[in-house]
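> Predicted model and sequence follow; I will ask about them next.
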Amino acid sequence: MATQKKTLSRGRPVAGNAKSSTERARALEEALLASGGRILGRVRLSPDAAAALTTLSERCGSDRAAIELALIAAAKEM
């Protein structure tokens, strides 16, 4: 009889309890809401606001960071 070598799979072993991307996103959103955060979906911006966001995003690295920075700064000025 010929002996066969068992080939090792590459990567992490299968644990059988991986969450789907939908489950991971839902958990992240629930944690954000529980901590007092908010989710804004489908926000429409005027051309002027979109241009301002583009400028801020280039400085901040992302739209989200730019929006958060602008909101926090505006609230502190009030």
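Thanks, I have it. Residues are numbered from 1 along each chain as shown.
> Can you check what pLDDT the model gives Gln4?
We have a pLDDT of 67 for Gln4.
> my bad, should have said Val14
According to the model, Val14 scores 77 on pLDDT.
> got any ranges where the protein has weak pLDDT?
1-4 (pLDDT under 70).
> can you map out the helices along it?
21-34, 47-60, 63-77 (DSSP state H).
> Can you add mean neighbour count and distance to Arg12 and give these back as a markdown table?
To be clear about C-beta, it is placed using only N, CA and C from the backbone, and glycine gets the same treatment. Listed next are the helices of the chain as a markdown table, based on neighbours: other Cβ atoms under 10 Å; distance: least, Cβ to Cβ, whole Å:
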| stretch | mean neighbour count | distance to Arg12 |
| --- | --- | --- |
| helix 21-34 | 10 | 16 |
| helix 47-60 | 12 | 34 |
| helix 63-77 | 11 | 29 |
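> Out of these, which is closest to Ser9?
Nearest to Ser9 among the helices of the chain is helix 21-34 (22.3 Å), distances taken as Cβ to Cβ.
> contact partners of the closest one?
19, 38-39 (Cβ atoms under 8 Å, 6 or more residues apart in numbering).
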